[in-house]
Structure formats: structure tokens, C-alpha cells
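**Student:** return atomic coordinates for the entry below.
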Amino acid sequence: MKMKKLCVALICAMAMGAAFADESETGTKKWTNVVGVSLSVPFTHFDTDAFGTVNQTALGVTGSYLGYARNGITVKGTFSLGGAFTGDVPLGSDTDFKGGMYADMSLGAGYSFVRTEKWLVSATALFALSISRYTQESETVTDAVLGEAERVYSAALFNLAFGADITAAYRVGKSMSVCAGVQFRWIPGGVAFRNVMNGTDDYARIDVNTSDICDSFQIAPSLGLVWSL
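**Tutor:** This is a model prediction of the structure:
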């Protein structure tokens, strides 16, 4: 009986040792988490009913999560906040180049086809939502209902997109890597909002007009740092 117990214990120890050796030799885990922060510069070409062609450049700070399995299956998510810039969105009589707010999120899944000690290269399909908003400084006007009022023009472009993300990271420390990536997006549609608000200290009236964003596209390169957890 003691011999049987000893054999069972030895077999278990050998199995655990083999599993540990396999883990050490491959240098991989069942699942690896990678978080990062980067600067992204999305270039977007909108075709809109309200404004015609709108070419927009944005600059955003992007937080990202990428996770991949031992077999390479990969998921990725990003969230960006920053500024948007264009000369193609008129607000009232203001047709000059202007800046606004930009926000974006994307989710995707795909494959990491390079997973070495130094390099990680991944490609994922993605789904994304973006919004950019522009606001004109207020001006004093005479409103037929409110009398003397402050008028503010604003516009927003909201869209969904499908596309692909390619990301490459090169390890420069124990867990830190330099990363670069690019997203290619097709924008099947969205909504453009044109708003006019007339307000006083006591009342406000907002007029909102909506129109379609038609078939458009975006290219968004990025550069930053990631950390493996």
C-alpha cells in the first residue's frame, strides 16, 4: 500500500514538473493582459447632407486594453478623448477653421500572429463609435420671442464604423513596450446635428436640425507605450 501511494505521489510530481517545464520552455501563459496609453491622430473624411464634404483631423489620448490567449486569439478595446479640428463646419456666419471636442471608443477581436520575447504583432476586426462637437462663442442678438438674447451655434458629428486595427509592440523593459498601430475604418453612416440656442437669464430656446452622414472613412495612426500584466 505504501509503495502504491509513493508511486502515485511520484507520478503527480512528475506531471506537475512536466507542466511547469512546458510553461517555462514556451515562455507563454494561458492568457496575457496588455494595457497601454498612446497618442492617436485620426484623419476622417465625412460626406454629409448638412455640410457637404468635411475633412477632420483629431488628436486624442487613447487608453487601450489587449488580451491574447496562448493560441493567439486576441481581443482589444480602446477609448480616446481629445480635440477635433476642421474648416468645413460653418457655425452661423463663422466659416473659419475651428477646434472642438472628440471622443471615440472601439471594440475588436482577432489574432496575434507574432508573440515572441521581444515582439507582439496583432490584427483585429473592430466596431467603433465616434463623436466630434464644435461650438461657436455666443453673440448678442434680438430674438422675436425672447428679446435681447445670447445666441450660440453648435454642431456635432456622430458615427459608427467598422474596420481593422493593426498593432505592433517592441519590448524595451521587463514589462514595458513601445507600440505603434493604425486603424482603418469604413463609416457606413451617422448623424450630423446643427443646433441654435437663444437664451436669456430666465428662458432658452433650442432649435435642432439633423441630417445624414453618408458613406465615409477614417485612418487613425497611434504611437505610445504598453505594459504586460
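
**Student:** can we go C-alpha only for contacts and neighbour counts from here?
**Tutor:** Noted.

**Student:** between the two ends of stretch 167-186, how far is it?
**Tutor:** Stretch 167-186 stretches 18 Å from its first residue to its last (Cα to Cα, to the nearest Å).

**Student:** what about that stretch, average pLDDT?
**Tutor:** Summarised as a single mean, pLDDT over stretch 167-186 is 97.

**Student:** one more: stretch 100-113?
**Tutor:** On average, stretch 100-113 scores 98.

**Student:** any buried residues in it, and which?
**Tutor:** Judged by neighbour count using 16 or more other Cα atoms under 10 Å, the buried positions of stretch 100-113 are 100-112.

**Student:** from these, which land in helices?
**Tutor:** Using DSSP state H, no member of the buried residues of stretch 100-113 falls in helices.

**Student:** what ranges do the strands span in the protein?
**Tutor:** 31-40, 43-48, 52-69, 73-86, 98-115, 119-135, 139-143, 147-171, 176-199, 204-213, 216-228 (DSSP state E).

**Student:** relative to residue 92, which of those strands is closest?
**Tutor:** Nearest to residue 92, of all those, is strand 147-171, at 6.3 Å by Cα to Cα.

**Student:** just the angle between the closest one and strand 43-48, please?
**Tutor:** 140 degrees (axes from the mean of the first three to the mean of the last three Cα atoms, to 10 degrees).

**Student:** shaky segments in the chain?
**Tutor:** Within the chain, the segments meeting pLDDT under 70 span 1-28, 144-145.

**Student:** can you list the strands of the chain in TSV and add distance to residue 92?
**Tutor:** Shown next, in TSV, are the strands of the chain (distance: least, Cα to Cα, whole Å):
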stretch	distance to residue 92
strand 31-40	30
strand 43-48	17
strand 52-69	16
strand 73-86	15
strand 98-115	13
strand 119-135	10
strand 139-143	10
strand 147-171	6
strand 176-199	9
strand 204-213	13
strand 216-228	25
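
**Student:** need the buried residues of stretch 100-113 in TSV with distance to residue 139, can you?
**Tutor:** Shown next, in TSV, are the buried residues of stretch 100-113 (distance: Cα to Cα, whole Å):
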residue	distance to residue 139
100	18
101	21
102	24
103	27
104	30
105	34
106	37
107	41
108	44
109	47
110	50
111	53
112	53
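
**Student:** partners of the closest residue to residue 42 other than its chain neighbours in the sheet?
**Tutor:** Ranked by Cα to Cα, 6 or more residues apart in numbering and with sequence neighbours excluded, the top spatial neighbour of residue 42 is residue 220, at 3.9 Å. Counting by DSSP bridges, residue 220 is bridged to residue 183.
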